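S.K.: Fold the following, please.
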Amino acid sequence: MQTNTFEKLNIIAPILQALARKGYTEPSPIQEKSIPFLLEGKDVFGCAQTGTGKTAAFAVPILQILHGKEQNGKRPGIKALILAPTRELAIQIDDSFRDYGKGLKLTHTVIFGGVSQGKQTQALRAGVDIVVATPGRLLDLMNQGFVKLDKVEFFVLDEADRMLDMGFIHDIKRIIPKLPAKRQTVFFSATIPDEIKSLAASLLNNPVQVQVAPVSAPATAVKQTVYYVEKNDKNALLHEVIEKERIGHALVFTRTKHGADKVAKELNRKGISAEAIHGNKSQNARQKALTGFKNRAIRILVATDIASRGIDVDKLTHVINYELPEIPETYVHRIGRTGRAGESGIALSFCGSEEIDDLKNINKLLPKNIDVAATHKFPEGIRNVARPKPGGGGQRNFRSSASPRQGGGGQQNRRRY
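M.R.: Okay, the predicted model is just below:
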């Protein structure tokens with residue numbers, strides 16, 4: 001059986017070379033299914049989650065088609081508009097256009113709120129072919145007269161369901177009438193509730209439907225381990241694991257913004273460079289932290305799930321779930337940040353007594369239960385935790401080594417992890 005490679009998708013040489021430089025040799029399912037139809041000029045309605053390679057699925061054909069038209073004489077005006085729900089994702093998409101478009105003479109810029117609009121309006125005045133934007137700032141610049149969409153040939157709405165969740169639907173409905181009726185449209189959503197179906201029907205013209213199976217299991221290249229530890233001891237365990245395992249670069253997930261700040265502060269106090277990234281941080285602070293993490297100037301990035309949308313770091317070796325997510329699929333999305341592009345990855349999770357049910361639900365989603373760190377030697381000060389009984393789905397009697405059982409010394413019938 002022959003291997004499906006990017007060459008077989010009729011992609012032009014400059015883009016193939018750019019993809020090769022990024023280490024991409026074989027298309028993901030969403031890329032393999034979408035790119036040929038988009039190159040044919042068809043609208044695409046795709047159902048795919050974060051981490052499946054959606055950005056390249058639309059960026060590659062847009063770059064290729066616009067490059068071909070440029071050879072026949074360049075027309076002024078924005079030719080492609082990509083809307084994204086978060087600033088981080090918009091920046092990530094713009095970075096992808098830059099990476100895949102090296103060697104092409106196409107220009108692009110990214111527009112988002114939370115920062116001064118000066119650099120953005122300067123780029124727009126100079127003229128750009130491709131604009132990646134969050135809806136609020138785009139609409140603001142449209143109202144000021146800096147953005148005209150009458151020459152748009154490609155319109156991409158990425159993560160449409162998240163757009164709706166974040167309340168952008170009214171902004172989107174104000175932007176769409178400014179687009180030409182004759183255009184090629186790409187619509188991606190991880191889920192397809194009725195409101196998404198209705199929005200897609202109003203945007204797309206005889207679309208090809210492309211669906212990739214939901215991410216229900218992580219890549220086999222990701223080694224997963226869970227540590228049972230009480231909540232108050234997680235900071236000590238995190239420091240112990242990072243140092244003992246010599247982890248040089250890791251993305252750590254917490255449930256809350258406050259929790260992310262506390263974890264980052266504690267790591268810095270112990271001499272491990274860390275930054276938190278979440279919605280309460282200014283855009284400049286978030287981008288500085290993300291850039292530092294990508295450049296490996298920052299060792300640990302602590303993030304909440306929403307703030308992590310769009311974080312894509314090459315050769316990330318470790319993802320650590322400081323707190324388990326309540327939604328099992330979120331666990332898969334989190335650890336999917338590692339083990340990409342043929343690389344191996346490690347996912348470590350800390351499970352407190354109050355998180356046992358979350359762990360049970362995650363294990364139900366996975367092909368097999370997450371391995372328990374049964375051989376882990378906890379340092380003094382981190383409590384010993386009872387291992388769940390086989391088939392029992394976990395116990396809640398997390399016992400502390402600091403509290404010996406009456407008459408025993410606390411070590412009978414107990415194991416150290």
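S.K.: Low-confidence stretches in the stretch 51-200 of the chain?
M.R.: 51, 70-75 (pLDDT under 70).
S.K.: nope, the stretch 251-400 of the chain is what I was after
M.R.: 279, 283, 306-312, 340-342, 374-400.
S.K.: Local confidence estimate at residue 242?
M.R.: Here the pLDDT value assigned to residue 242 is 94.
S.K.: In the longest helix belonging to the chain, which residues are buried?
M.R.: Selection of the longest helix in the chain by residue count, based on DSSP state H, yields helix 54-70. Within helix 54-70, the residues that count as buried by 16 or more other Cβ atoms under 10 Å are 54-67. For every residue, glycine as well, the C-beta is placed using N, CA and C.
S.K.: can you check stretch 26-46 too?
M.R.: For stretch 26-46, by 16+ other Cβ under 10 Å, it's 27-35, 37-39, 42-46.
S.K.: Stretch 175-182 now?
M.R.: 175-176, 179.
S.K.: swap in stretch 7-19?
M.R.: 9, 11, 14-16, 18-19.
S.K.: What is the end-to-end distance of that stretch?
M.R.: Using Cα to Cα, to the nearest Å, the end-to-end distance of stretch 7-19 comes to 11 Å.
S.K.: before we move on, the earlier item: in CSV: the buried residues of stretch 7-19, plus distance to residue 157, pLDDT and secondary structure.
M.R.: Converted to CSV, those look like this (distance: Cβ to Cβ, whole Å; pLDDT from 0 to 100; DSSP: H, G, I helix; E, B strand; the rest coil):
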residue, distance to residue 157, pLDDT, secondary structure
9, 23, 92, helix
11, 23, 94, coil
14, 27, 94, helix
15, 23, 95, helix
16, 27, 94, helix
18, 25, 92, helix
19, 24, 91, helix
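S.K.: what's the closest of those residues to residue 355?
M.R.: residue 19 (39.8 Å; Cβ to Cβ).
S.K.: Now do the same contact list for that closest one.
M.R.: Contact analysis of residue 19 by Cβ atoms under 8 Å, 6 or more residues apart in numbering lists 6, 11, 25, 56, 60, 100.
S.K.: And the chain, what are its domain boundaries?
M.R.: Segmentation of the chain into domains, based on automatic domain parsing, reads 6-211, 222-372.
S.K.: Any idea how far the longest one is from the middle of the chain?
M.R.: So that's domain 6-211. 17 Å (Cα atoms, centre = their mean, to the nearest Å).
S.K.: Kindly report the same for stretch 262-281.
M.R.: That offset, for stretch 262-281, works out to 20 Å (Cα atoms, centre = their mean).
S.K.: what's the first-to-last distance across it?
M.R.: 14 Å.
S.K.: And stretch 46-64, by the same measure?
M.R.: 20 Å.
S.K.: same deal with stretch 304-320?
M.R.: Start-to-end, stretch 304-320 (Cα to Cα) is 12 Å.
S.K.: try stretch 332-345
M.R.: Stretch 332-345 end-to-end distance (Cα to Cα) = 13 Å.
S.K.: So which bits of it are buried?
M.R.: So stretch 332-345, judged by 16+ other Cβ under 10 Å, has buried residues 332-340, 345.
S.K.: now the helices for the stretch 51-200 of the chain?
M.R.: 54-70, 87-100, 118-126, 135-143, 160-165, 169-175, 194-203 (DSSP state H, counting those that start in this stretch).
S.K.: residues of the last one that come out buried?
M.R.: It stands for helix 194-203. So, applying 16+ other Cβ under 10 Å, buried residues of helix 194-203: 196, 199-200, 203.
S.K.: Keeping just the C-alphas, turn the helix or strand just after that helix into CSV.
M.R.: Downstream of helix 194-203, the first helix or strand assigned by DSSP states H and E is strand 208-211. Provided in CSV are the C-alpha atoms of strand 208-211 (Å, rounded to 0.1, in the frame of the first residue of the first chain):
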residue,chain,number,x,y,z
VAL,A,208,-18.5,19.3,0.6
GLN,A,209,-18.9,17.8,4.1
VAL,A,210,-15.6,16.6,5.6
GLN,A,211,-15.7,14.8,9.0
